[in-house]
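>>> What follows is a predicted protein model with its sequence.
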Amino acid sequence: MQSGTFHTTYASDVSLRPYWPQRIRIVVVLVAALIFPWFADRYWLNLANTIAIAAIGAIGLNILVGYTGQISIGHGGFLAVGAYTAGLLAVHLGTPMWLTIPIASFFTAAVGAFFGLPSLRLKGLYLAIATLASQEIIIWLLTHGKLLGIGESLSLPRATNNLFGLPIEWLGNNDFAFYWICLVFLIFTVIFVSNLFRTRTGRAFVAIRDQDIAAQVIGVDLFRYKLLAFATSSFFAGLAGALTAHYRGVISWERFTIDTSILYLAMIIIGGLGSVSGSIYGAAFMVLLPAFLSNIARALSGIVPDINSYLPYLQQGAFGLAIILFLIFEPEGIVKMWRNVKDYFRLWPFSY
Amino acid sequence: MHRWKRTFGWWVVLALFATLLAACGGAGGGGGASSEPIKVGAIFDLTGATADVGTPYSRGQIAFIEWKNEQGGIKGRRLQLISEDYAYQVPRAEELYTKFVTQDKVLVFSGWGTGDTEALRPKITEDKIPFISASYSATLANPAETPYNFLVAPTYSDQLIIAMKWAIDDWKAKGNSGLPKFAYLINDSPFGRSPLADGTAFANSQGIATPLEVPSPRGATDLTPQLTQIRDYGANYIFLQNVSSPAALAIKNAKSLGYNVQFVCLNWCANEILIKQAGADAEGVVGVVPFNYEAEGAKVALEYARKKNIDYGGADSTFVQGWTAMSILIAGIEKVVNDGKELTGENIKNALETMGEIDTKGVTLPVKFSPTDHAGVKSTRMFRVENGKWVAITDFISAR
């Protein structure tokens, strides 16, 4: 933290961003986010939307894993619940997205709380296996969709992509329109979750993570708060899933397998456990890494002729390598690296 | 260690800058003067769940573009294939598709899997990109819903019905009374399940009980439990809607289980890879091979591969399939160029719909699209593995 800052009121002491460089940075980021879509082509908009949706899901997972310390490898399943709830409502009832997205989020929160029930009895690896089971159960239900009257893949009618009766096409093409929708939901998520950890509930989550027995001793109701953590986390998974469904137009369960759950875990580990901005960095990193590799390969193909034939293997290796390098050199993730860079300049030239 | 930590941070920052630079470099392309190459986009599965057949298919597609360019391209204009591996992952397919279409401005697109082709459906229609996929899912054949998707082989549903027709005839020819029992052993994906509803409807209409549906898990190393389940059900015919490697595993497992059953492969396991992997156990397996690698039209492809030393793992029929699928897509472009029209997705689509029969010189029956039907081929022949080779055992059978 910066020195030379003295809080003279309680309000300034608890404010979220007390220092002016932080406030300027928020303005800069917001302005960049507002300008970006006017210059980006659809490829970059597509990547930005993918990152925004992944970031919402990753922040949700971070509430559970990073802040509350409950390991979950069932996040892909909860994304699927959100996507299919929104999809089924849109397909069968023609419900517009401004209704399906909140309904899907709350429904996923309920499903998440249900699958969080084992967390009362189980900890650590045992809980991980229980959440793995929830992932498999959800995917099994979807692949045997006939049993529930749902098809394997759903194709959402374009007409349901409207906000309060206004079709989103008036905003521009699909990628451009969804950029704004994803951005609004991402900002809502960031504000909500950043503030969550300044409340009684958020502090209870952190207490459970640090030492659950101690938390119980000081009066934290473990059952209630663990379920609440699962529900909140799943709420954002449902939000991300519902956005995916409406943005992509077609969803199938293949998108939400165990691989997805692991990808989301990798995002928050690389980005930084227990950090909202870290989740966004991690999501951006995991989405951009393959794009980055293929762009580099394209650029190098003039110099190294056969690089395209090695590219698939490079890509597979790069994911593994990225995770290992981060775990070795910066276990606290990208967010810590960013902090190091800031510290470097703040203390320069008299770093100690 | 501390030094390392700091330098690692700098490396990551550098790498991020490099991404931006590379990205900006990539974004500069586009345009379309008439001397520029005609761009064709493609995604292949070279490392994912279906890489065993994805690789020879991709070699066939790449080889066709090279061959066509050696022949002088299209009226002197070269073809340029922009392709990448997507590891059978839907999100990756979406990213690459968007990149090729919006940045590289490809005119037509060659896809691969059922899941990703379905997921791209709305985008394909919106972008007006004629799209030939290696997925022959029946849901892609109706131009009212998917106006830019074209199918160059009988749909999976048709293939399954044709295979069932053969099975019923075979059952009678062997002098059995009553009706056979069917089972499906399928890839656990939209690809695997694509034809089942239509197949079951056909089986029921013939009085056959609803076939048992057993998915084989991805990456399984032993299918004995699945086969035991099918044996307990008492199936006489197992229809395999899967790629070669898991299909070969099933055939070998059945043999060691002592379960004597007739396996019937649909398109993606009826190829040389299956024979190579299942060895002697593959003898007698029957398959739907929509692309005849012994036909006149296939010789050009196979000879070109021999001349250029292209390694496609001995999967002649899959190589020819990739070659042929690409040739049909290019035939549409050629027609538009020859008519002197502007090269747009819409014109290519109209050309494919109105150009009549496209002759593949015996590889398939002549491919014919119409504005109301994008399933280019309706009938195919059944083959059987005899002495390590696929041999045709029937004439062309139609599903209808």
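Sure, I can see it.

>>> excluding its backbone neighbours, what's nearest the residue most central in space within chain B?
By Cα atoms, centre = their mean, chain B has its centre lying nearest to B:A134, at 2.6 Å. In space, and not counting its chain neighbours, B:A134 is closest to B:W112: 5.0 Å by Cβ to Cβ, 6 or more residues apart in numbering or on different chains. (Glycine included, C-beta is placed from N, CA and C.)

>>> mind checking the SS state of that neighbour?
The three-state label given to B:W112 by DSSP: H, G, I helix; E, B strand; the rest coil is coil.

>>> From start to finish, how long is stretch B:356-374 in a straight line?
One end of stretch B:356-374 sits 12 Å from the other (Cα to Cα, to the nearest Å).

>>> circling back: how near is the residue nearest to B:A134 to chain A?
Per Cβ to the nearest Cβ, to the nearest Å, B:W112 is found 13 Å from chain A.

>>> Quick check, that residue in contact with B:I43.
Yes: assessed by Cβ atoms under 8 Å, B:W112 is found in contact with B:I43 at 5.8 Å.

>>> Between these two, which is the more surrounded one?
Remark: of B:W112 and B:I43, B:I43 carries more neighbours, 30 against 27, as counted by other Cβ atoms under 10 Å in any protein chain shown.

>>> Next up, the contacts around that one.
The neighbours of B:I43, taking Cβ atoms under 8 Å, 6 or more residues apart in numbering or on different chains as the test, are B:83-86, B:93, B:96-97, B:110-112, B:116.

>>> Which ones among those residues map onto strands?
B:83-85, B:110 (DSSP state E).

>>> Where do the strands of the stretch 51-200 of chain A begin and end?
Here the stretch 51-200 of chain A has its strands, by DSSP state E, counting those that start in this stretch, at A:153-155, A:162-163, A:166-167.

>>> no no, the stretch 251-400 of chain B
Using DSSP E, counting those that start in this stretch, strands in the stretch 251-400 of chain B cover B:262-265, B:286-288, B:357-358, B:367-368, B:379-380, B:382-386, B:389-392, B:397-398.

>>> just the helices in the stretch 151-300 of chain B please.
Ranges of helices in the stretch 151-300 of chain B, per DSSP state H, counting those that start in this stretch, are B:156-173, B:190-193, B:196-205, B:224-233, B:244-257, B:272-278, B:296-308.

>>> again, but for the stretch 1-150 of chain A
A:10-14, A:20-39, A:42-62, A:75-88, A:97-115, A:124-143, A:145-148.

>>> Most tightly packed of those helices?
helix A:75-88 (a mean of 30; mean count of other Cβ atoms under 10 Å in any protein chain shown).

>>> relative to helix A:124-143, how tilted is it?
Angle of helix A:75-88 versus helix A:124-143, following axes from the mean of the first three to the mean of the last three Cα atoms, to 10 degrees, is 30 degrees.

>>> before we move on, the earlier item: from the ones in strands among the contacts of B:I43, which single one is nearest chain A?
B:D85 (3.9 Å; Cβ to the nearest Cβ).

>>> ok, now which ones touch the closest one?
B:D85 touches A:311-312, A:315, B:43-48, counting by Cβ under 8 Å, 6+ apart.

>>> What's the nearest residue in the stretch 201-350 of chain B when you look at chain A?
The minimum distance from the stretch 201-350 of chain B to chain A, using Cβ to the nearest Cβ, falls at B:P215 (7.2 Å).

>>> residues near the nearest residue to that residue once chain neighbours are set aside, how many?
Closest residue to B:P215 apart from its sequence neighbours, by Cβ to Cβ, 6+ apart: B:D188 at 4.0 Å. The local packing of B:D188 (other Cβ under 10 Å) involves 21 other residues.

>>> from memory B:D188 sits against A:L142, does it?
No: between B:D188 and A:L142 there is no contact under Cβ under 8 Å: 11.6 Å.

>>> I'd like the distance between the closest residue to B:F202 other than its chain neighbours and B:F239.
When the adjacent residues along the chain are set aside, B:F202 lies closest to B:I161, with 4.7 Å between them (Cβ to Cβ, 6+ apart). B:I161 sits 11 Å away from B:F239, going by Cβ to Cβ, to the nearest Å.

>>> For these two, indicate the residue with more neighbours.
Taking other Cβ under 10 Å, B:I161 and B:F239 do not tie; B:F239 has more neighbours (28 against 24).

>>> ok, so what distance separates the residue nearest to A:I137 when sequence neighbours are not counted from chain B?
Spatial nearest neighbour of A:I137, chain neighbours left out: A:G77 (7.4 Å); criterion: Cβ to Cβ, 6+ apart. According to Cβ to the nearest Cβ, A:G77 stands 16 Å off from chain B.

>>> Can you give me the pLDDT of A:G77?
Looking at A:G77, its pLDDT stands at 95.

>>> do the same with the one 10 residues further on
The score at A:G87 is 91. That number is its pLDDT.

>>> coming back round to it: now which of the ones in strands among the contacts of B:I43 would you call buried?
Buried residues within the ones in strands among the contacts of B:I43, counting neighbours by 16 or more other Cβ atoms under 10 Å in any protein chain shown: B:83-85, B:110.

>>> State the pair within these that is farthest apart.
Distance extremes for these: the farthest pair is B:D85 and B:S110 at 13.5 Å, using Cβ to Cβ.

>>> List the contacts of B:F239.
Contacts of B:F239 by Cβ under 8 Å, 6+ apart are B:160, B:163-164, B:182-185, B:199, B:211, B:264, B:266.

>>> So which of those residues wins on neighbours?
Going by other Cβ under 10 Å, B:L160 tops those with 30 neighbours.
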